[in-house]
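**Q** Quick one, fold the following:
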Amino acid sequence: MTSEGFDKFSVYGFSIDYPKVCRVEFNPKSRRESGDVVFHFPDKEKLYLSWGELEKAQKSFQTIEKQAEHGVENLRKGGNVKDFERVKQDTLNVNTHKAIYNHIKVGQPAPGLFSSKKITYRQGYSCHLHCENSSRYFVIYTILSPNGPEDFGELALTIVKSFECH
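**A** Alright, predicted model coming up:
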């Protein structure tokens with residue numbers, strides 16, 4: 001049952017509630033085993049939902065914590081990251097599964113020829129979970145624009161908590 005202002009996206013046996021104002025872009029190469037979908041907000045922000053084969057993820061990452069940490073470290077080591085802060089890390093229960101939630105803040109050089117010393121900040125939110133029932137892992141994530149809405153983290157958490165993987 002979706003809340004007012006939300007619709008349900010459902011495919012391959014999993015579902016997630018998303019704001020009705022979003023445009024949904026389904027990757028045409030997606031399959032039951034792996035793929036992604038993007039929820040485009042009117043203000044140009046995007047929220048991604050990706051999935052893949054759990055067995056492949058577990059070969060690289062023994063735990064969900066290690067997979068989530070790998071994702072955070074990839075952002076930290078990004079080519080033009082000048083400042084990085086993990087604002088929050090939490091363990092959630094999403095559809096009976098342990099999920100790792102991260103909120104990060106990334107500082108990058110401001111665009112423009114004469115602003116090389118100025119840093120702009122972007123907020124990022126991610127949630128990783130492993131579902132043995134469907135033999136898949138799921139990642140829900142976004143990195144907002146520098147002018148992204150301050151309350152987007154609350155919305156992202158509401159969306160994550162609506163996720164049903166089996």
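**Q** Name the residues of the longest helix along the chain that come out as buried.
**A** Across the chain, the helix with the greatest residue count (assigned by DSSP state H) is helix 64-76. Residues of helix 64-76 classed as buried under the neighbour-count rule (16 or more other Cβ atoms under 10 Å) are 64, 67-69, 71-72, 75. In this view, the C-beta of every residue, glycine as well, is placed from N, C-alpha and C.
**Q** and if you look at stretch 38-46?
**A** So, applying 16+ other Cβ under 10 Å, buried residues of stretch 38-46: 38-39, 41, 45-46.
**Q** Of the residues you listed, just say which sits nearest to Val87.
**A** Distances from Val87 to those, taken as Cβ to Cβ, are shortest for Glu45 (17.5 Å).
**Q** mind listing what the closest one touches?
**A** Shown in contact with Glu45 (Cβ atoms under 8 Å, 6 or more residues apart in numbering): 142, 144-145, 148-149, 152.
**Q** Could you tell me which of those count as buried?
**A** 142, 144, 148, 152.
**Q** Quick check: buried residues in the helix or strand where Glu55 lies?
**A** Using DSSP states H and E, Glu55 sits in helix 54-60. Residues 54, 57-58 are the ones in helix 54-60 that count as buried (16+ other Cβ under 10 Å).
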